[in-house]
Structures are given as C-alpha cells and as structure tokens.
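Colleague: predicted coordinates and the sequence they were generated for:
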Amino acid sequence: MRAEDEAVALYDACGQEIGVAPRGVVYRDGLWHASSAVLVRSGDGARVYLHRRAPDKLIFPGRYDCWAGGVLGPGEAPDAGAARELDEELGVRGVPLRARERVPYDDGTLRCHLFTYEVRWDGPLRHQPEEVVWGSWVTLAELRARLDDPQRWPFVPDGRVAVERWLAARA
C-alpha cells in the first residue's frame, strides 16, 4: 500500500476522533488528524535523541525531529500509536510511556493533534530506513542551539512547536 493511501483517523478541532480518510487526502486538504510523538531521553535525562527524516517522506522530508511518532489509524488509541511508532522508527519496545500533553498544531495547511509522550532509554536504537536516515544523542543545550539555527537544522514544524513547549516547561 502506498503511504498516501493509508487510512488515517480524522479528528475535530477539539481532539475527538470523528472519521477516516486516506493520508494523502488528509495532507492535501489540511484535515484535522492526530499523531503520537515520543521524546526519547537518556536514562539520566541529560540527552535527547535527535533524528533526521528520510528524504522520501510524504511530508517534511529530510527535516530534523526529536519525536518518534506518526499518524494514528482509525480507532487507534494514542498510547498504542506511540508504542507502535517508537518500536517501528527506533526499535525501542517494552519501555513505560509517560504521557505529557496534547499539542494542537494548525498552521493553516497542517492540522494535527500531537499526543506527546516521554521515555527514558539507554538501550540500543535501530532506525527504520524508510523513516529515519540519521540520529544522535544531543544535550538539551545542543538541542536548543539547533532549534535556534533553522537554516542548518530545519525541524519538522509541529515537532518544533512541541519541543519548544517541552523545553519552556522545564525552564
């Protein structure tokens, strides 16, 4: 199945699931949908795993992100989507997810509810090549510096908003 044909759960602006549409239609028409987003931190909390998306992704190809995640399927609970995506993208499984917040994102083109989570992990990471082409642990100071340099480090826009909120909550 092509990525644009995958069934995606539609949401309303308040964050409630209301239907289903193909991923390509969701992106083309700017329909509200939901994604899981998992921030992977080192066991001591001092570092975050930053990665670069594959160059052939349907949206935001080649951009940087520090959230492992993806769209929720019809009837898929955010917790289940977060665990699935964390396993698929980075090979991390069996770790407790700590729910953070739902971050609504609407730039007029992309409308998404990000259900954010955090995990602590010091084990091995395995990139799914169709999703992730590079990754590295960065300190929180390095993450802030990269967010401040969008020319060299273009981030996924909704992921940028979510991580800036996360960083601001830590200040």
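Modeller: Now that the structure is in, tell me what you want to look at.
Colleague: just for this structure, where's the confidence low?
Modeller: The chain contains no residues with pLDDT under 70.
Colleague: let me see the ranges of the strands in it.
Modeller: All strands of the chain, identified by DSSP state E, fall at 7-11, 17-22, 33-41, 47-53, 64-65, 67-71, 98-106, 111-120, 132-139.
Colleague: want to throw those into JSON lines with distance to Val92 and mean neighbour count?
Modeller: Glycine gets a C-beta too; all of them are placed from N, C-alpha and C. JSON lines is the format used below for those (distance: least, C-beta to C-beta, whole Å; neighbours: other C-beta atoms under 10 Å):
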{"stretch": "strand 7-11", "distance to Val92": "23", "mean neighbour count": "20"}
{"stretch": "strand 17-22", "distance to Val92": "26", "mean neighbour count": "15"}
{"stretch": "strand 33-41", "distance to Val92": "7", "mean neighbour count": "24"}
{"stretch": "strand 47-53", "distance to Val92": "9", "mean neighbour count": "20"}
{"stretch": "strand 64-65", "distance to Val92": "15", "mean neighbour count": "23"}
{"stretch": "strand 67-71", "distance to Val92": "8", "mean neighbour count": "25"}
{"stretch": "strand 98-106", "distance to Val92": "14", "mean neighbour count": "15"}
{"stretch": "strand 111-120", "distance to Val92": "7", "mean neighbour count": "21"}
{"stretch": "strand 132-139", "distance to Val92": "12", "mean neighbour count": "16"}
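Colleague: to Gln151, which of these lies closest?
Modeller: The stretch from these with the least distance to Gln151 (C-beta to C-beta) is strand 64-65; that distance is 12.0 Å.
Colleague: what sits up against the closest one?
Modeller: 50-53, 146, 153-156, 159 (C-beta atoms under 8 Å, 6 or more residues apart in numbering).
Colleague: nearest to Arg165, of the strands of the chain?
Modeller: Taking C-beta to C-beta, strand 98-106 is the member of these nearest to Arg165, at 6.2 Å.
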